[in-house]
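give me the fold of what follows.
(2 chains)
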Amino acid sequence: MHVATQLKEAVETRPVAAAAAHRGALLSLLTCGSVDDGKSTLIGRLLWDGAGVTEDQAAAVLHASHNRAVNGEKIDFSLLLDGLQAEREQGITIDIAWRYFETPQRRFIIIDSPGHEQYTRNMATGASHADLAILLVDARHGAKRQTRRHAAICDLVGIKKVVLAVNKMDAVDWSEARYREIERDFRVMAGGFKFAQVTIIPVAALTGDNVVKRSARMPWYAGPTLLEHLESVDPEVVQDDAPFRMPVQLVLRASGDFRGYAGTVTSGRVRIGERIVDARSGLGATLKRISTMDGNLTSAGKGDAVTLVLDTDLDISRGAVLSEVQRRPTNADVIEARLVWLSETPFDPEAGYLLRTATDLTPVTSMSVSALVDFETLASTPAHGCNVNDIADCRILLGRAAAIDLFSELPLTGNFVLVSAIDGATVAGGVITWAQAGAPQVGDNVLVLNRELLARGLCADLGDSPADSAEFNRRAQEVAVLLRSVGVPVLIEL
Amino acid sequence: MTALTSHLKLLEAESIHIFREAAAQFRSPVLLYSIGKDSTVLLHLARKAFWPAKPPFPLLHIDTTWKFRDMIAFRDKTARELGLDLIVHTNHDGLARNINPFDHPPSVYTDVMKTVALRQALDAGGFDAAFGGARRDEEASRAKERVFSFRAAGHRWEPRRQRPEMWQLLNGRLGKGETVRVFPLSNWTEADVWRYIALEKLEVVSLYFAAERPAVTRNGQLIVVDDERMGFEPGEKPVMRKVRFRTLGCWPLTAAIESDATDIDAVVEETLAARVSERAGRLIDHDTAGAMEMKKREGYF
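Residues are numbered from 1 along each chain as shown, chains lettered A, B, ... in the order given. Below you'll find the predicted structure:
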């Protein structure tokens, strides 16, 4: 790899690039499993053999390994992972640790989180940032209840690709029969979840077999090594023709009466000249310009951080979700969700909470827990309370409608965290499983106020100028308010 | 575009998202500008996040009075050219007590002239959020850092009281007395920073490029003599060496490396091939075991 040439090439050929085109260049992976399964050793091995360790770090590990003598005279790779002092002293990973390494093929983010049940919240938090999860099992024990819990957490937060690393193959004499048995069991277990891809690899982290280097001791295994798989797997499940969404982060104003909506596209693609709507107000406009410091773009897709300039001022602010006209978010004021309780303070129906969706913060009017889910058995038990590390199904009534999608369809506008109104703490994170519109939707015997209808009479005097367009919108809103006040459901589609 | 440069676009978009989330949620943010390569990238991303508007916050530089002269010149030029507000703060109490890196241990000097100075400046400005260029790949305790890192009253960092961060959602609702440090470069590595500087053709302080500089060797580390305040040991004499810096701080505490990398391509190549982590050149981090974590608990960046 000649870096200077590579860079020069990149600089010279660089288009005003859209992030979406480059997602394959970066893979975030979660490692789940307990200390006993050899998880830290596995990641340490990936870093060590994959050349992600610098000499001074290596020296520190060799030195500390000798002090702790955890593996006799062997190198303790897990020392590459443990960070905070307290954790180091206890010899246990508590928080989430982030590690970075790269190979000529790909840049990796390793998210390391603890596996024990009392750290379910840490694992869910870590998993929410991952494209792929490595579930680790000890070949002597196979997939256990804990493995199912880990898989369920990964599934809950939206991970679509999992790898089962069957570790400690050295301890079962590199037995193919044992591996096949574990493989069969896990395929059945994984079939219960919404994973798009399940890959199973026999490894031995301690000796490095099939982690980075192909094992000579398991000739019966013809699949990729762990690193080969990680280098080639597609980070995303590509969804063709996903609807466009961009939650507005803030409104940017600059000289020359520039007014743009800044945000990151969370789904689909939008092009200059297309009609888009603000899901909450139902107001529409045409996309005039996609602005970035590197120049204007003709389109923007998922992952792009851009600023959209519209032909009419929709008078919207942070929290609005810009969407394509046809498939819009639900303007919901009642939702059902599955969440993981993160706070040490249990759920309290009397406490004040706020629902933080993409960029919106909505007061919760009332909230009730309906069931707790045991992620080891996947059994659901009716309940009214929940505590730290619990997985709960709940129903939330919002103080006003928010633009919401279902997590299973559009994860980045269908997820949320629950915030304490008192101290601002993040008390839970969840996924929206059902949403009910407060305002009526098309088809429910609704009057749809569209451009044609209004242009015929009420707005016949208005032209195409920005001032006239604003007046057009204003009149539409006023008409809707009057009609709704006498009980006529109205939807504005301009 | 190759795989290893195109991932920068993803990191860039993520950083812009973080900048915007913080600017929208905090009342009075400030960008901690320390002049180095990370600050250069941080500032560039801030400009992108709010363009065509200017970043809606000032820059803050904690000046210990021991920064390299080239750094100060670069700082002033950058703020002037971009038309940004620059706040420069020095702990004058520490200065009056002549706290300096030659007569005091690095831990004492850093605490007074950097940590305390930063707290003074943040309190004086009434800032509730401070952007910093810290990266998780820098040091073990940083590897667990949040993007929004909450500090209790007195700027104390409590590892156990940090908020979980899920998906792309950043909760910036402050509790009583809380402030926050925001780290848009959390997921960047040193190599990413250099590649990005090359790709975006950003100007950085010349000290990052190899040149003949007067240096002395202490405890196996190369210290470049930047001004007449150098406290020489008996018999010690500076020798011209071809050196550059991987990281920039106070000149008596920042070790140089011998290098022939005189331009950005050579620096990137050298960084990618490096087998020693960049903080090996930061003398303060080696003072005691777990040094960085202790400094952070006291309010260091």
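
going forward, measure contacts between C-alpha atoms and count neighbours the same way
OK.

and after the helix or strand encompassing B:Asp70, which helix or strand comes next?
Using DSSP states H and E, the element containing B:Asp70 is helix B:69-82. With elements assigned by DSSP H and E, the helix or strand that comes after helix B:69-82 is strand B:86-89.

residues touching that next one, excluding its own?
B:58-63, B:79, B:117-118, B:121 (CA atoms under 8 Å, 6 or more residues apart in numbering or on different chains).

any weak-confidence spans in the stretch 151-300 of chain B?
Within the stretch 151-300 of chain B, the stretches with pLDDT under 70 are B:274-300.

okay, now the closest residue to chain B within the stretch 301-450 of chain A: neighbour count?
For the stretch 301-450 of chain A, the residue closest to chain B is A:Asp423, as judged by CA to the nearest CA, at 4.3 Å. The number of residues packed near A:Asp423 is 12, by other CA atoms under 10 Å in any protein chain shown.

residue contacts, the closest residue to it other than its chain neighbours?
Ranked by CA to CA, 6 or more residues apart in numbering or on different chains and with sequence neighbours excluded, the top spatial neighbour of A:Asp423 is B:Gly175, at 4.3 Å. The contact partners of B:Gly175, by CA under 8 Å, 6+ apart, come to A:422-425.

in chain B, which helix has the most residues?
Taking DSSP state H as the assignment, the helix of chain B that covers the most residues is helix B:3-25.

pull the next helix-or-strand element following that one out as PDB, backbone CA atoms only.
Sequence order places strand B:29-32 as the next helix or strand after helix B:3-25, per DSSP H and E. Extracted in PDB, the C-alpha atoms of strand B:29-32 (Å, rounded to 0.1, in the frame of the first residue of the first chain):
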ATOM      1  CA  PRO B  29     -21.200  26.600  23.800                       C
ATOM      2  CA  VAL B  30     -17.500  27.300  23.200                       C
ATOM      3  CA  LEU B  31     -14.900  25.500  21.100                       C
ATOM      4  CA  LEU B  32     -11.700  24.600  23.000                       C
END
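
so what does strand B:29-32 touch, helix or strand wise?
strand B:59-62, strand B:129-131 (3 or more CA pairs under 8 Å, 6 or more residues apart in numbering or on different chains; DSSP states H and E).

between these, which gets nearest to A:Met367?
Among those, strand B:129-131 comes nearest to A:Met367, with 31.3 Å by CA to CA.

mind giving me the packing neighbours of the closest one?
strand B:29-32, strand B:179-182.

CSV for those, including distance to A:Pro349 and mean neighbour count?
Shown next, in CSV, are these (distance: least, CA to CA, whole Å; neighbours: other CA atoms under 10 Å in any protein chain shown):
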stretch, distance to A:Pro349, mean neighbour count
strand B:29-32, 34, 26
strand B:179-182, 28, 26
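
quick check: which of the ones you listed is nearest to B:Phe19?
Going by CA to CA, the one of the helices and strands packed on strand B:129-131 nearest B:Phe19 is strand B:179-182, 8.2 Å.

what about that closest one, distance to the chain center?
When distances are taken as CA atoms, centre = their mean, to the nearest Å, strand B:179-182 is centred 15 Å away from the chain's centroid.

again with stretch B:17-24
So, by CA atoms, centre = their mean, the centroid of stretch B:17-24 is 20 Å from its chain's centroid.

who's in contact with it?
A:249-250, A:262-264, A:305, A:318, B:29, B:46, B:49-50, B:56, B:129, B:147, B:170, B:172, B:182, B:184.

now the helices for the stretch 151-300 of chain B?
Applying DSSP state H, counting those that start in this stretch to the stretch 151-300 of chain B gives helices spanning B:190-199, B:264-273, B:291-297.

residue contacts, the residue nearest to A:Trp174 when sequence neighbours are not counted?
The shortest distance from A:Trp174 to any non-neighbouring residue, by CA to CA, 6+ apart, is to A:Met218 (6.1 Å). Taking CA under 8 Å, 6+ apart, we find A:Met218 in contact with A:174-176.

turn these into CSV, including pLDDT, secondary structure and neighbour count.
As requested, the contacts of A:Met218 are exported to CSV (pLDDT from 0 to 100; DSSP: H, G, I helix; E, B strand; the rest coil; neighbours: other CA atoms under 10 Å in any protein chain shown):
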residue, pLDDT, secondary structure, neighbour count
A:Trp174, 97, coil, 20
A:Ser175, 97, coil, 16
A:Glu176, 97, helix, 16
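
ends of stretch B:238-248, how far apart?
One end of stretch B:238-248 to the other measures 20 Å (CA to CA, to the nearest Å).

so what touches that stretch?
B:36-37, B:207-216, B:225, B:254-261, B:278-279, B:281-282.

chain center to it: distance?
19 Å.

buried residues in it?
Judged by neighbour count using 16 or more other CA atoms under 10 Å in any protein chain shown, the buried positions of stretch B:238-248 are B:241-248.

same question, stretch A:231-244
By 16+ other CA under 10 Å, the buried positions in stretch A:231-244 come out as A:231, A:234-235, A:243-244.

can you list the residues of the stretch 1-150 of chain B near chain A?
Residues of the stretch 1-150 of chain B lying close to chain A (CA under 8 Å from any CA of the partner chain) are B:1-7, B:9-10, B:13-14, B:16-17, B:20-21, B:24, B:47-53, B:136-137, B:140-141, B:143-144.

quick one: buried ones out of the residues you listed?
B:1, B:3-7, B:9-10, B:13-14, B:16-17, B:20-21, B:24, B:47-52, B:136-137, B:140-141, B:143-144.

strands of the stretch 151-300 of chain A, residue ranges please.
A:161-167, A:197-202, A:245-247, A:250-254, A:258-264, A:269-271, A:275-278, A:284-291, A:299-301 (DSSP state E, counting those that start in this stretch).

may I see the buried residues of stretch B:149-164?
Those would be B:149-152, B:155-157, B:159, B:162-164, for stretch B:149-164 by 16+ other CA under 10 Å.

how long is that stretch end to end?
OK, stretch B:149-164 end separation, CA to CA: 10 Å.

run through chain A and note the low-pLDDT ranges.
A:1-24, A:34-35, A:51-94, A:115, A:439-446, A:484-490.

could you chop it up by domain?
Domain segmentation of chain A under automatic domain parsing yields A:17-232, A:245-324, A:330-437, A:447-493.

quick check: end-to-end length of the third one?
To tie it back to what came earlier, the one meant is domain A:330-437. End-to-end distance of domain A:330-437 (CA to CA): 6 Å.

now the closest residue to A:Ala216 other than its chain neighbours: how far from A:Asp294?
For A:Ala216, ignoring the flanking residues on the chain, the nearest one in space by CA to CA, 6+ apart is A:Asp209 at 7.9 Å. A:Asp209 sits at a distance of 46 Å from A:Asp294 (criterion: CA to CA).

what does B:Asp265 give?
From B:Asp265 over to A:Asp294 the distance is 22 Å, taken as CA to CA.

so for the two, which sits in the more crowded spot?
Taking neighbours as other CA under 10 Å, B:Asp265 and A:Asp294 compare with B:Asp265 leading, 19 against 12.

thought B:Tyr196 was touching the more buried one, still the case?
No - if you go by CA atoms under 8 Å, B:Asp265 and B:Tyr196 don't touch, sitting 11.3 Å apart.

and the residue nearest the centre of chain A, what does it touch?
In chain A, the C-alpha nearest the mean C-alpha coordinate belongs to A:Ser128, at 5.0 Å (CA atoms, centre = their mean). A:Ser128 is in contact with A:154, A:157-159, B:166-167, counting by CA under 8 Å, 6+ apart.
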